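S.K.: Sequence first, predicted coordinates after that:
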Amino acid sequence: MKVRIPDATVARLPRYLRCLTDMSYTDGTCSSEDLANAAGVNSAQVRKDLSFLEAQGTRGVGYDHEDLRDQIRKALGLTTIHPVVVIGAGNMGSALANYKGFATWGFEIVAILDVDEKRIGTSSDGLIVEPLGRLEEIVAEEGVKIGVIATPRSAAQSVSDRLTASGVKSILNLAPTILKINEDVSVRRVDLSTELGILAFHLQS
């Protein structure tokens, strides 16, 4: 029976993967202490999180570096290519389309869409900005399961509704609003203003 990985552990696994990708090991192994220091958590937490994976550590030696990376990628579902569609070809949407780092994690942006006639037909890193009216067609053709909403707040909910109606099960919401979503759809919200507000709070201490 497949072990259920706690949500808190799932949230830390991408951080571990990033650290393992950035770290270099000449002996091919990685200790829980090294990974803990790189990830900013304690080693006991690392060992507990990794206990949910198939990777096996050796006392006094650590984990095989490549095997651990493979097990984390497997647990996160990053062993296959995930087609992604971006809605909104403004500054943020275009920046995402131009970002090269997604490919190494198994994400392929297959389309970027907008309603602005001035943007439709322009190129963003080789992708031609398509009209939003083609959303359902593109989702079906490309097998898209992940959608990124980079629209103004006023358009975000309607775009979300269309994504979910077309079968998209995961949404990254960059619009400054909270979406109303069915329980079977996963949503991650990234609000840069909120994050800056938290940083401003810490400046006072």
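M.R.: That came through fine.

S.K.: Verify the contact between Gly121 and Leu113 for me.
M.R.: No: counting by C-beta atoms under 8 Å, Gly121 sits too far from Leu113 to count as a contact (11.8 Å). C-beta coordinates here come from the backbone N, C-alpha and C atoms, glycine included.

S.K.: Of the two, give the one with the bigger neighbour count.
M.R.: Neighbours per residue (other C-beta atoms under 10 Å) separate Gly121 from Leu113, with Leu113 holding more: 24 against 11.

S.K.: Need the three-state assignment for that one.
M.R.: Secondary structure, DSSP: H, G, I helix; E, B strand; the rest coil: Leu113 is strand.

S.K.: likewise Ala36?
M.R.: Strictly by three-state DSSP, Ala36 counts as helix.

S.K.: Give me the common contacts of Gly121 and Leu113.
M.R.: Contact criterion C-beta atoms under 8 Å, 6 or more residues apart in numbering; residues shared by Gly121 and Leu113: Val129.

S.K.: residue ranges with poor pLDDT in this protein?
M.R.: 1-2, 24-27, 205 (pLDDT under 70).

S.K.: Can you show me the strands along it?
M.R.: 29-30, 63-64, 82-87, 107-114, 123-124, 127-128, 130-131, 146-149, 170-173, 186-189 (DSSP state E).

S.K.: Ok, which of those strands comes nearest Leu50?
M.R.: Nearest to Leu50, of all the strands of the chain, is strand 63-64, at 7.1 Å by C-beta to C-beta.

S.K.: what residues are up against the spatially most central residue of the chain?
M.R.: Among the residues of the chain, the one closest to the centroid is Leu172, at 7.6 Å (C-alpha atoms, centre = their mean). Leu172 is in contact with Ile146, Gly147, Val148, Ile149, Val187, Arg188, Val190, counting by C-beta under 8 Å, 6+ apart.

S.K.: same question, Gly106
M.R.: With the criterion set at C-beta under 8 Å, 6+ apart, Gly106 makes contact with Arg73, Leu78, Thr79, Thr80, Ile81, His82.

S.K.: mind running it again at 10 Å?
M.R.: Contacts for Gly106 (C-beta atoms under 10 Å, 6 or more residues apart in numbering) come out as Arg73, Leu76, Gly77, Leu78, Thr79, Thr80, Ile81, His82.

S.K.: for Ile87, same thing?
M.R.: By C-beta under 10 Å, 6+ apart, the contact set of Ile87 is 93, 111-115, 132, 135, 147-151, 155-156, 159-160, 162-163, 171, 174-175.

S.K.: How is the chain divided into domains?
M.R.: Per the record, the chain has its domains at 7-76, 82-195, by automatic domain parsing.

S.K.: Next, give phi and psi for Leu174.
M.R.: Backbone torsions of Leu174, given as degrees, to the nearest 10, read phi -100, psi 0.
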